[in-house]
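Colleague: my questions concern the predicted model and sequence given below.
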Amino acid sequence: MASYDVINRRSPRLDAPDKATGRAKYIDDLSLPGMLYGALLQSPIAHGKILNIDTSKARALTGVKSLVTAEDAGLVKYGVSPARYDEQVFCSDRVRYVGDEVAAVAAVDLETAMEAVSLIQVDYEELPAVFTVEEALAEGAPQLHEKYPGNLCGEVHQEFGDVEAAFKECDLIRTDTFLNKRQDAAFLEPNGVIADYNLDGFLTLHTSTQVPHYVQRVLAMVLGIPVGKVRVVKPYVGGGFGPKAGTNPMELAACLLSMKTHKPVKMNYSRDQVFLFSRARHQFRHTLTTGVKKDGTLMALVNECTLEGGAYASFGIATVYYAGSLLGAPYRLPSMKYDGWRVYTNRPACGAQRGHGGVAARAAFEQQIDIIAHELGMDPVDFRLKNAMGAGDITCNDLNVSSFGMRECIEAVAEGSGWKEKKGKMPKGRGMGVACGFFVSGAGYPIYRSDTAHSTVVIKLSEDGGTAHLLTGSAEIGQGSDTAIAMIAAEALGVSLDCIRVSSGDTEYGVDLGAYSSRQTLMTGHAAKQAAEHAKRQVLDVLADSLKVPAEDLDVKNNRIVFRGPTPDFSALRTRYIKEHRGFNDNPDEEDALTFKEAARMAFLERGSIVGTGKYRPGELGGKFKGAAVGTSPAYGPSAQVVEVSVDMDTGKVFVEKMTDAHDCGFAINVTSVEGQMQGSLSMGLGEALFEEVKYDEKGRILNANLAEYKIPTALDMPNVDTIIVESNEPNGPFGAKEVGEGAIMPTIPAILNAVSDALGVRIQELPLTPERVFTAIKEAREKEGSD
Amino acid sequence: MTQLITLTINDRTYDLAVPANRTLADLLRYDLGLTGTKKGCEVGDCGSCTVLLDGRPVNSCLVLAVQASGKTVTTIEGLETDEGLHPLQQAFVDHGAIQCGFCTSGMILSGKHLLDGNPSPDEAETRIAISGNLCRCTGYQKIVEAIRAAGKSTQE
């Protein structure tokens, strides 16, 4: 059992003091000299032809420095997946949703820019619009994109094993349909940018993003600048959760305005513009048919899903695959058939949001197997234990779960929640529910086809003083990645955490695909570990040579050099070091162990600056079928949750009283951060289960584009969570670590649904569980009881 | 229309000429460089812009700068001293109560107001005190722990 000096314990975060004192700079805290302010013109209608744009009055307004439309931006298509580049910076012939961008203005101040926007005259010919999957798929429906007839953004048809044959062997088969609602990520910090195109043709974009690398590439592609002349810098980010994992039109517009004016251009989304931008959770309608044997063995699953996707693809082509693939685990499921359709509608585009396409599917499936377990007279915990996969198992869709603490998670929450003692013995109106979850630890393939490393890290040792500067393109968006990466580097280098300084989120530092699909601890962690080991080796090679000891007999631990054999005489080395540091007060004493500080200094004197480099790319993953890439990952994280609720039978209001959560993160690097991600995930899941729904009117306008009417949990809604960390030691993870950022949300919605059902004796297959919806279900159950 | 106002921010007095429609949040952030106060919604829904106005927590996006004339404002920058972090700030750091940090300033100031009047609040009192501050990252648990711990530490 290895003993670690830095990782696998609680650590305060490197960025916490700056955030606690107001020093931490987010995008809107920054300004550059000569900065202009930008504003966007967005379509007020859901669908229409652009007949004419008259910008003359706007351009004539005093203080306006630049105005750009599709004429200036060009018609280069972009998006998230190259397979579905269907967006332009500005609409040229058509607008496709309320909020679609038509023009942008840069002016001396924001008020002038906004006034100029209001002076732009656009003549639209309004077209009929479609707002639901049914309307969009109907015969004769208005088509959003010529390239995608029938308003089908993407469709997936997969079968693994043989479901028809499997169903013949089943004793119980049931079908359920489940519907969630569009969500918003509701990060506290609205998106914002400062674009800075300088006089030598070099573009720098400061932006609140999860993915500097992908933004850099899209900027270069759309604006026609070589990638090497584009730099994307991420300041502190106030939350991302998915919608900030792509390039947004404001980023492109601001860059364009800066290129025209040669001045920095600042732009922000207001809170309602954040809602209009969306790129958040899709609405999914899942029809699941599951077959089991009477002893509870899961045999087959047929999954049909339609996704209401909005006007553009965004991440949607991945979403429609994930909505199927992520049900391949965590239970042994020999046969699975999936048919999914992502449909265009005249609403803001949906994208990836925490847990991506897996959240609604998981909610539907975990409630259904709960129903099945009850019908079989089986305890839902026992049903899940019976079917749980284990380390080394491979799903029917070729996902290899190399480490898998599913059983441990289920047992932990059953025990921690008092399941056996309490379940079935609660008063009416109180209930308990269990559910499991499953997610990837980093997408197995980059979003664009490439052999690129997914992460590169550079560690430069100080020439003197024994510290290290870690450079990474990875994105600290609040999850704690900077600290986790620093801890991994410190452990691998053999120094204490305070010897590591991290600079991150800047494309200058290397390639890192960014914070999405829960990848950074595993992937950036691997690259950081490799870079640290590389730097260490260079230092120890010089030391070995100087002390005439084999390099393999040397190591660094706790800022000191350790020798496998007897300690050689290093007094000459120490004397040389002290001679160089006359007058310093912290020189080592004669009897002190040899320090890393001294050894690193010697290495510099011998070789010049010591730089360690590391990189990470997953191996070949997944099957050979179409869409096999989506769902593959070097590692997978299971989780389990038990929730206790009480329901007010007169009002239908649901109170979540207690949550017990177990998550297998492989190996916890920073225990406090792992807990924090679990608690935060559960809070988002609770909100989606009980309150959250983006509402539209009959013209495609958002009714609740604000944080008062789009209700996320407050401190009064969230109970305390008993968090249990399970460590299965992932062989593909650095020090055994894998994800926690997205997987932990997975069991939350179904655990709540199952608990509400336990409390009320009714099943609700539509989110959110508003009091009205719950009360109606109670009423219907009472009427049914009365009539039986 | 520009007006002359005088206000005290973090123990320093400012004489300023401000447009009548300037919010206190914008004054702090853009005119005085005190960017620790954040803007999450600009309509008083999220609490990120919380400051203490004459000791009481307010959404500074809903206060006009001219309304603050003659009053005392405490922002997050006003909490640390020559000796270091305020116990609340230190508690937030120690308890892992900070993830993205965007709600942090508001949370700490709401916490300060609570502890100024009630040095050992229970769980429910603490949650009520921060009920106007939204957080999307933490689930509130470690924030509540930090505020209560800070109260305890100042009592010792």
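Modeller: Sure, I can see it.
Colleague: stretch A:411-425 vs chain B: in contact?
Modeller: No: Stretch A:411-425 is not in contact with chain B by Cβ under 8 Å from any Cβ of the partner chain; minimum separation 15.6 Å. For every residue, glycine as well, the C-beta is placed using N, CA and C.
Colleague: what mean pLDDT does that stretch have?
Modeller: The average pLDDT within stretch A:411-425 is 97.
Colleague: in that stretch, what's buried?
Modeller: For stretch A:411-425, burial by neighbour count (16 or more other Cβ atoms under 10 Å in any protein chain shown) applies to A:411-414, A:416-417, A:419, A:423.
Colleague: can you list contacts of that stretch?
Modeller: Stretch A:411-425 is contacted by residues A:379, A:381, A:385, A:432, A:434, A:640-642, A:644, A:658, A:660-662, A:722, A:724, A:726, A:758 when judged by Cβ atoms under 8 Å, 6 or more residues apart in numbering or on different chains.
Colleague: just for chain A, where's the confidence low?
Modeller: Applying pLDDT under 70 to chain A flags residues A:1-2, A:787-788.
Colleague: just want the most central residue of it.
Modeller: A:Y516 (3.8 Å; Cα atoms, centre = their mean).
Colleague: give me the neighbour count for residue 99.
Modeller: Assuming you mean chain A. 27 (other Cβ atoms under 10 Å in any protein chain shown).
Colleague: can you look at chain B instead?
Modeller: By other Cβ under 10 Å, neighbour count at B:Q99 equals 30.
Colleague: correct me, but A:L769 touches A:V756?
Modeller: Yes: between A:L769 and A:V756 there is a contact under Cβ atoms under 8 Å: 6.2 Å.
Colleague: give me the common contacts of these two.
Modeller: With Cβ under 8 Å, 6+ apart as the test, A:L769 and A:V756 both reach A:V654.
Colleague: which one of those two is surrounded by more residues?
Modeller: Each of A:L769 and A:V756 has its neighbours counted (other Cβ under 10 Å); A:V756 has more, 27 against 23.
Colleague: host element of the more buried one?
Modeller: Applying DSSP states H and E as the criterion places A:V756 in helix A:748-760.
Colleague: quick one: that helix to chain centroid distance?
Modeller: 25 Å (Cα atoms, centre = their mean, to the nearest Å).
Colleague: so after that helix, what's the next helix or strand?
Modeller: Next element after helix A:748-760 (DSSP H and E): helix A:771-787.
Colleague: how about residues contacting that following helix?
Modeller: The set of residues that contact helix A:771-787 without belonging to it, under Cβ under 8 Å, 6+ apart, is A:647-649, A:651-654, A:756, A:760-762, A:764, A:766.
Colleague: kindly recompute the last result at 7 Å.
Modeller: Helix A:771-787 is touched from outside by A:647, A:649, A:651-654, A:756, A:760-762, A:764, A:766, with contacts defined as Cβ atoms under 7 Å, 6 or more residues apart in numbering or on different chains.
Colleague: got any ranges where chain B has weak pLDDT?
Modeller: B:156.
Colleague: just the strands from it, written as ranges.
Modeller: Taking DSSP state E as the test, the strands found in chain B are B:2-9, B:12-19, B:50-53, B:56-59, B:72-74.
Colleague: now the single nearest residue of the stretch 301-450 of chain A relative to chain B: how far from A:R362?
Modeller: Closest residue of the stretch 301-450 of chain A to chain B, Cβ to the nearest Cβ: A:R354 (10.1 Å). Distance of A:R354 to A:R362, computed by Cβ to Cβ, to the nearest Å: 12 Å.
Colleague: okay, helices next: where are they in chain B?
Modeller: Secondary structure of chain B (DSSP state H): helices located at B:24-26, B:87-94, B:104-117, B:123-129, B:141-155.
Colleague: chain B - how does it break down into domains?
Modeller: B:2-78, B:87-155 (automatic domain parsing).
Colleague: between those domains, which one is nearest to A:A599?
Modeller: domain B:87-155 (32.2 Å; Cβ to Cβ).
Colleague: could the helices of chain B go into JSON lines alongside mean neighbour count and distance to A:E101?
Modeller: JSON lines is the format used below for the helices of chain B (neighbours: other Cβ atoms under 10 Å in any protein chain shown; distance: least, Cβ to Cβ, whole Å):
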{"stretch": "helix B:24-26", "mean neighbour count": "24", "distance to A:E101": "25"}
{"stretch": "helix B:87-94", "mean neighbour count": "24", "distance to A:E101": "38"}
{"stretch": "helix B:104-117", "mean neighbour count": "24", "distance to A:E101": "31"}
{"stretch": "helix B:123-129", "mean neighbour count": "16", "distance to A:E101": "40"}
{"stretch": "helix B:141-155", "mean neighbour count": "21", "distance to A:E101": "37"}
